[in-house]
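> quick one, fold the following:
(one chain, ligands or ions: 1)
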Amino acid sequence: MGRAFPDGFLWGGATAANQLEGAWDVDGRGPSVDDHFTGGTKDTPRTITVDIKPDLLYPNHDGIDFYHHYAEDIALFAEMGFNVFRMSISWSRIYPNGDDAQPNELGLAFYDRVFDECKKHNIEPLVTLSHYEMPYALVQKYNGWESRELIELFERYCRTVFERYQDKVKYWLTFNEINCGTMDMGNLFETSMIRGFEGPGSEAHTTYQQRYQALHHQFVASARVVKYAHEHYPQFRMGNMDCFILSYPATCDPADQLANQAKMRTMNWYCSDVQVRGYYPSYAKRFWAEHDVNLQIADGDLDDLKAGTVDFYTFSYYMSNLEGTHPDLKVTGGNMISGGVNPYLQSTDWGWQIDPDGLRFALNTIYDRYQIPLMVVENGMGALDKVEPDGSIHDQYRIDYLKSHVRAMREAVADGVDLVGYTSWGPIDLVSAGTGEMRKRYGFIYVDKHDDGTGTYKRSRKDSFYAYQKIIKSNGAEGLD
Ligand code: BG6
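Numbers count the residues shown, from 1 in each chain. Below is the predicted model:
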């Protein structure tokens, strides 16, 4: 037996409602922003349409039909040994238009069923309140988070689900990968500032002013919700969620150190500095000034930020990149994120550089900065899987990826990091957020569903299913060689 993880460590998988539930217009659900995205590929961006066009394929409409397969799927998670399941609630299942007078009872009842099923298997739900989506009606009416109106609407939605599920859910995250809102691509998913926009997603541009103002609204909304939860439900644990894209300086040129420091601040620290510490970081003012950001901060906002700091820090970790100033730096990366090529690393088929040591480095760096419990709530390898004639899937590449990252976490724990859990992304194949593809598979469980919309939705276990099962069973002490 090697070194193990702390007792009570949370092992599981992470998903998002819009990428797996399907049933997009069932039981009173309203369309969500993602329902207006067609499928794309690594090289072809997803297209956004204002109206749903009958001749186009919108992969999120059906997802993997978790809506009707949740009991089977949760049983498979339990078989792997999960004691936590990260999922999100679809806002438009609860408030179909975002500003309805009453919540949709059928939507609320669906999540009751899901949480009850988790409980049956002793699986703790970890719920993201907004994972890359909002009711499309709020996009059209308010241009997403550009508008301050969203703060109260979000608070209302959160109060509704807190009240309803207070005895079923303890761990909550406010916004998925909130820091993607600092980038143009965040317009689509994170801040949803695409009112009236029709065309390739890569062409949906916003100004710095719009992005940082929208983030301010989200910070206030998140803080108010965290504060409310702490006051009314002391048993809740509230977390943030960041997309941690570690970057290293491309060379030892001091100019590259400064460029990377700036990159790390905007990409990785800006949002969590606010959500963990409760105030804007010292470097923000200069950044705003240099990017023509004139933040509108209402009375009371800064007090709200202070009062609503999170209890634990969570993040996704998929890759690392290089950042530098020299023109010969090559760029890799596909759909959503790109960065400088590191000659010491291999990449996935989608150009994401695989760097398990970077996860250890990230965990140590984050913990040095904040000193609160950390959780890795997304990590995984999107890959093309081959189904053998007998139905088996030998995904050794995914097993290698998993093991190397678990080993890195184990080292970080030995380094002294207070790491409390790990939820691998897409434990079951689901629709890719960035490309809308099914063939970019992350799952330990295969789903017979394809990019052209065909498939039986049949679930089957890949080799990685058993590898993860072994790791969990020994609490990370075995199965890593
Ligand atoms: C994260 C998101 O950025 O990465 C998920 O939180 C997403 O929603 C995951 O699915 C993997 O990205 P992709 O584009 O491969 O689905």
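> do a quick rundown of the strands in the stretch 351-481 of the chain.
With DSSP state E, counting those that start in this stretch applied, the stretch 351-481 of the chain shows strands at 353-354, 374-378, 419-425, 445-447, 459-461, listed in chain order.
> using TSV, lay out those strands together with mean pLDDT, distance to the ligand and mean neighbour count.
(C-beta placed from N, C-alpha, C; glycine too.) Below are those laid out as TSV (pLDDT from 0 to 100; distance: least, C-beta to the nearest ligand atom, whole Å; neighbours: other C-beta atoms under 10 Å):
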stretch	mean pLDDT	distance to the ligand	mean neighbour count
strand 353-354	96	14	20
strand 374-378	98	6	26
strand 419-425	98	5	24
strand 445-447	98	14	24
strand 459-461	98	19	17
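> the residue lying closest to residue 432 once chain neighbours are set aside: what's it in contact with?
Of all residues not flanking residue 432 in the chain, residue 440 sits nearest, at 4.4 Å (C-beta to C-beta, 6 or more residues apart in numbering). Each residue near residue 440 by C-beta atoms under 8 Å, 6 or more residues apart in numbering is listed here: 350, 382-384, 432.
> follow-up on the earlier one: can you put the strands of the stretch 351-481 of the chain in JSON lines and add distance to residue 91?
Below are these laid out as JSON lines (distance: least, C-beta to C-beta, whole Å):
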{"stretch": "strand 353-354", "distance to residue 91": "33"}
{"stretch": "strand 374-378", "distance to residue 91": "19"}
{"stretch": "strand 419-425", "distance to residue 91": "21"}
{"stretch": "strand 445-447", "distance to residue 91": "24"}
{"stretch": "strand 459-461", "distance to residue 91": "27"}
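> so who does residue 377 touch?
By C-beta under 8 Å, 6+ apart, the contact set of residue 377 is 14, 86, 126, 173, 241, 314-316, 421, 423.
> one more: residue 314?
By C-beta under 8 Å, 6+ apart, the residues touching residue 314 are 173, 239-242, 374-377.
> residue 264 now?
Taking C-beta under 8 Å, 6+ apart, we find residue 264 in contact with 247, 323.
> what strand or helix carries it?
Per DSSP states H and E: residue 264 is located in helix 254-264.
> if we go by neighbour counts, what in that helix is buried?
Going by neighbour count (16 or more other C-beta atoms under 10 Å), the buried part of helix 254-264 is 256-257, 259-260, 263-264.
> which of those residues sits closest to residue 469?
Within the buried residues of helix 254-264, the smallest distance to residue 469 is 36.0 Å, found for residue 264 (C-beta to C-beta).
> against the ligand, how distant is that closest one?
Distance of residue 264 to the ligand, given as C-beta to the nearest ligand atom, to the nearest Å: 18 Å.
> next: residue 142.
Remark: distance between residue 142 and the ligand (C-beta to the nearest ligand atom) = 23 Å.
> number the chain from 45, please
Renumbered: residue one is now 45, and that last one reads residue 186.
> so that residue makes contact with residue 195?
No: with contact defined as C-beta atoms under 8 Å, residue 186 does not count as touching residue 195 (10.7 Å).
> what number of residues lie near residue 120?
As a burial measure, residue 120 scores 20 neighbours (other C-beta atoms under 10 Å).
> starting at the chain centroid, how far to the helix or strand of the chain with the lowest mean pLDDT?
Across the helices and strands of the chain, mean pLDDT, DSSP states H and E gives its lowest value to strand 375-376, namely a mean of 82. Chain-centre distance of strand 375-376: 22 Å, with C-alpha atoms, centre = their mean, to the nearest Å.
> what is the helix or strand just after it packed up against?
Scanning forward in sequence from strand 375-376 by DSSP H and E, the next helix or strand is strand 383-384. If contacts are counted by 3 or more C-beta pairs under 8 Å, 6 or more residues apart in numbering; DSSP states H and E, strand 383-384 sits against strand 364-367, strand 375-376.
> what's next to strand 383-384, contact-wise?
With C-beta under 8 Å, 6+ apart, strand 383-384 has contacts from 289, 291, 294, 363-368, 373-377, 397.
> how about the contacts made by residue 143?
181-182, 185, 197.
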